[in-house]
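Asker: I need the structure of the sequence given here:
(one chain, ligands or ions: 1)
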Amino acid sequence: KVYDSASDLPSLSFDFVIVGGGTAGNVVANRLTENPDFSVLVLEAGVSNEGVLDSMIPFWKFGGNLLGPTIYDWNYTTTPQAGLNDRVLDYSRAHMLGGCSSHNGMFYTRGTQDDFDRYAKLTGDPGWSWDAILPYFMKNEKWVPPADHHDTRGQFDPSVHGTAGFIQTSISGFQYPIFQSKVLQTTKELPDVFPFNLDMNSGKPLGLGWLQYTIGHGRRSSSATSYLAPEFIRRENLHVLLHAQVAKLVDPRNATGTLSFGGVQFLQGTSQFTATASKEIVLSAGTVGTPNILMHSGVGDQGILNALGIPTLLHLPSVGQNVSDQPAFAASWAVNFNQTMELVTQNTTRFNEAFAEWNRSHTGPLVDFSPTYVAWLRLDADSPIFENHTDPSAGLDTPHIELAITPGVAGFGVSEPGHFVGAGMALVTPISRGSVTINSSDPLAPPLIDIGMLTSDFDLFALREALKRAQQFFEAPVWRDSIIGPVQDFENITSDALDEIIRNTAGPSLHLVGSAGMSARDAPYGVVDPDLRVKGVEGLRIVDASVLPLVPSAHTQAATYVVAERGADLIKQRWE
Ligand SMILES: Cc1cc2nc3c(=O)[nH]c(=O)nc-3n(C[C@H](O)[C@H](O)[C@H](O)COP(=O)(O)OP(=O)(O)OC[C@H]3O[C@@H](n4cnc5c(N)ncnc54)[C@H](O)[C@@H]3O)c2cc1C
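Answerer: All right, here's what the predicted structure looks like:
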């Protein structure tokens with residue numbers, strides 16, 4: 001059941017308390033309550049996703065309405081980013097059931113075999129390898145036909161997808177035929193740079209292929225709509241409390257010589273409550289929320305905690321450190337055909353028609369976030385940057401660069417009239433690192449989010465290369481008759497001027513990971529062991545994107561879902 005008020009809960013004592021009803025937390029809640037003997041409380045600070053149209057309609061303009069400042073977002077900002085000319089950026093984290101899966105861009109990209117094999121190596125646990133994790137991708141996924149039921153043969157590889165899982169995935173369900181044929185023709189004209197890849201979720205994504213989304217039947221599929229669907233939320237042993245912000249873990253004990261916590265303190269309005277877990281507390285508050293709670297509970301770097309007068313219960317200096325996100329920017333080109341997203345974004349009548357169609361049948365131009373192909377590319381092996389930097393990618397089948405090719409303006413900042421094609425460019429293997437830390441002893445004060453963006457010259461170099469590849473893409477012969485010109489002239493500027501443009505316009509992909517990274521059991525760094533148990537604490541696990549020690553070369557929700565599916569299995573193995 002979902003509750004709005006703590007006073008309606010049947011009790012404040014459960015077997016498991018999960019902090020955060022987000023992308024990962026709801027997976028764990030569902031899986032644990034498959035066992036009728038386990039009682040579970042989920043504490044979610046945010047609001048319900050129920051009936052929130054902006055969360056249901058995939059088209060980017062709707063999800064965009066949920067980003068800050070709104071009640072659906074924590075409305076965080078970063079610290080001034082030195083690599084971005086000291087700009088302070090909005091840093092969105094969802095404040096609603098389903099977490100970021102309720103308001104993200106829905107790209108469904110798993111990362112590479114190399115990424116997961118590297119997690120296995122770093123943790124010393126083969127259970128995190130690609131082969132061991134693949135069944136969890138399958139368990140999470142329910143592949144469905146696109147909204148328009150077009151023939152998808154040759155657009156994906158069914159053998160690498162799950163059809164009986166929870167999160168619905170599909171290919172774009174609205175067609176832009178001129179754009180599509182040109183994109184596919186480009187893979188034929190420039191096969192060395194942009195070879196066609198049938199399925200970017202096979203573990204080997206290099207090349208260009210059809211993007212897959214966490215969208216089913218024209219609607220967003222989130223951890224809230226799936227793992228907390230009515231048939232699950234009905235379970236007698238599952239309790240989800242909204243508007244419940246966890247302040248810290250309380251009632252520390254040391255009876256067995258190892259630290260444990262008796263309860264979780266949370267606030268609803270001005271009232272304070274403590275929920276207890278007889279088996280385990282699971283932190284699933286995300287890469288920003290989880291380290292924040294740990295530090296306010298006295299688990300973190302002693303120096304930071306001492307300075308704020310927070311008693312250190314466990315000196316764990318890696319808490320909140322080593323975070324990374326993928327820097328991104330965008331470029332667009334004006335075109336002379338009108339089959340682009342601007343058909344609806346720049347024409348109110350058509351937009352209203354599309355909205356009416358979506359309401360009627362969940363079909364039409366609003367069924368995709370921004371119908372897209374993605375090219376996953378490596379930097380040239382002989383790039384001069386490798387003279388000073390070791391390749392940060394996990395292996396030779398892992399991309400450095402992502403180009404999201406869209407039938408419309410990319411970056412969403414351009415409002416001039418016309419029709420466009422665009423490239424969203426990201427560096428998916430950043431070297432720059434940042435931190436999530438605190439500068440107040442008040443658990444309700446926002447944490448300090450320093451994403452360290454573009455502090456490595458490797459990252460800047462890679463973004464410059466990404467732009468070159470995007471230019472190369474739209475210079476292929478097939479585009480010649482249709483490109484009118486770039487929205488921003490990157491051709492006739494110096495490389496210093498280009499760096500300035502990047503530093504002034506690049507932003508985060510919002511794929512933050514690493515603030516509670518997993519490491520090998522005996523490693524002198526890291527926050528959780530390969531079983532996701534907080535090192536040095538009994539009865540406390542972390543199951544969310546914060547445990548990924550390095551960002552996968554992809555968008556991060558799919559990796560978060562498999563962390564959650566495996567995390568739930570690890571917890572069950574301990575208690576069943
Ligand atoms: C705008 C945006 C677009 C994105 N686009 C994509 C995309 O297209 N594809 C993709 O793969 N990834 C995307 N991502 C990233 C991806 O969504 C996240 O990596 C992933 O969802 C993180 O899951 P999580 O479970 O770690 O955290 P979350 O989903 O953020 O869940 C954490 C939950 O904990 C709650 N919480 C936090 N603190 C507390 C507290 N103190 N007490 C109680 N509850 C608390 C939060 O309200 C939230 O519901 C995007 C992210 C954003 C923000």
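
Asker: Quick one: residues contacting L206.
Answerer: 195, 197, 376-378, 397, 399 (CB atoms under 8 Å, 6 or more residues apart in numbering). The way it works is simple: take the backbone N, C-alpha and C, and place the C-beta from them, glycine included.

Asker: Weed out the non-buried ones from those residues.
Answerer: Buried subset of the contacts of L206 (neighbour count, 16 or more other CB atoms under 10 Å): 197, 376-378, 397, 399.

Asker: you'd agree P549 is up against A516?
Answerer: No. Assessed by CB atoms under 8 Å, P549 is found out of contact with A516, at 9.4 Å.

Asker: For those two, indicate the residue with more neighbours.
Answerer: Neighbours per residue, other CB atoms under 10 Å: of P549 and A516, the larger number sits with A516, 33 against 24.

Asker: tell me the SS of that one?
Answerer: coil (DSSP: H, G, I helix; E, B strand; the rest coil).

Asker: Neighbours of the residue in the stretch 301-450 of the chain that the ligand sits nearest to, how many?
Answerer: Residue nearest to the ligand within the stretch 301-450 of the chain: F369 (7.0 Å; CB to the nearest ligand atom). F369 has 25 neighbours, counted by other CB under 10 Å.

Asker: Enumerate every residue touching A120.
Answerer: Taking CB under 8 Å, 6+ apart as the test, what A120 contacts is 126-129, 132.

Asker: one more time with 10 Å, if that's ok
Answerer: When the contact criterion is CB atoms under 10 Å, 6 or more residues apart in numbering, the partners of A120 are 126-133, 530.

Asker: closest to the ligand among those residues?
Answerer: Closest to the ligand out of the contacts of A120 is I133 (15.3 Å), distances taken as CB to the nearest ligand atom.

Asker: moving C-terminal of the helix or strand hosting that closest one, what's the next helix or strand?
Answerer: Per DSSP states H and E, I133 falls inside helix 130-140. Downstream of helix 130-140, the first helix or strand assigned by DSSP H and E is strand 141-143.

Asker: partners of that following strand in the sheet?
Answerer: strand 167-171 (parallel) (DSSP bridges).

Asker: tilt between the strand it pairs with and helix 130-140?
Answerer: For strand 167-171 against helix 130-140, the angle by axes from the mean of the first three to the mean of the last three CA atoms, to 10 degrees is 100 degrees.

Asker: Now look at strand 167-171 and say if it contacts the ligand.
Answerer: No. For strand 167-171, no contact with the ligand is found by CB under 6 Å from any ligand atom; the gap never falls below 10.6 Å.

Asker: now that strand, how far from the chain's geometric center?
Answerer: Its chain's average C-alpha position is 16 Å from that of strand 167-171, according to CA atoms, centre = their mean, to the nearest Å.

Asker: How about stretch 175-192?
Answerer: 28 Å.

Asker: and if you look at stretch 185-204?
Answerer: 24 Å.

Asker: Check the contacts of A120 for burial and list the buried ones.
Answerer: 128-130, 132-133, 530.

Asker: Between all of these, which two are separated the most?
Answerer: Pairwise distances across the buried ones among the contacts of A120 (CB to CB) peak at 15.4 Å, for the pair W130 and P530.

Asker: V319 touches V527, doesn't it?
Answerer: Yes. V319 is in contact with V527 according to CB atoms under 10 Å; the separation is 5.6 Å.

Asker: quick one: the helices in the stretch 351-500 of the chain?
Answerer: 457-474, 495-505 (DSSP state H, counting those that start in this stretch).

Asker: Most tightly packed of those?
Answerer: With neighbours taken as mean count of other CB atoms under 10 Å, those reach their highest mean count in helix 457-474, at a mean of 21.

Asker: So which elements touch that one?
Answerer: helix 177-189, strand 327-335, strand 373-377, strand 401-406, strand 419-427, strand 483-486, helix 495-505 (3 or more CB pairs under 10 Å, 6 or more residues apart in numbering; DSSP states H and E).
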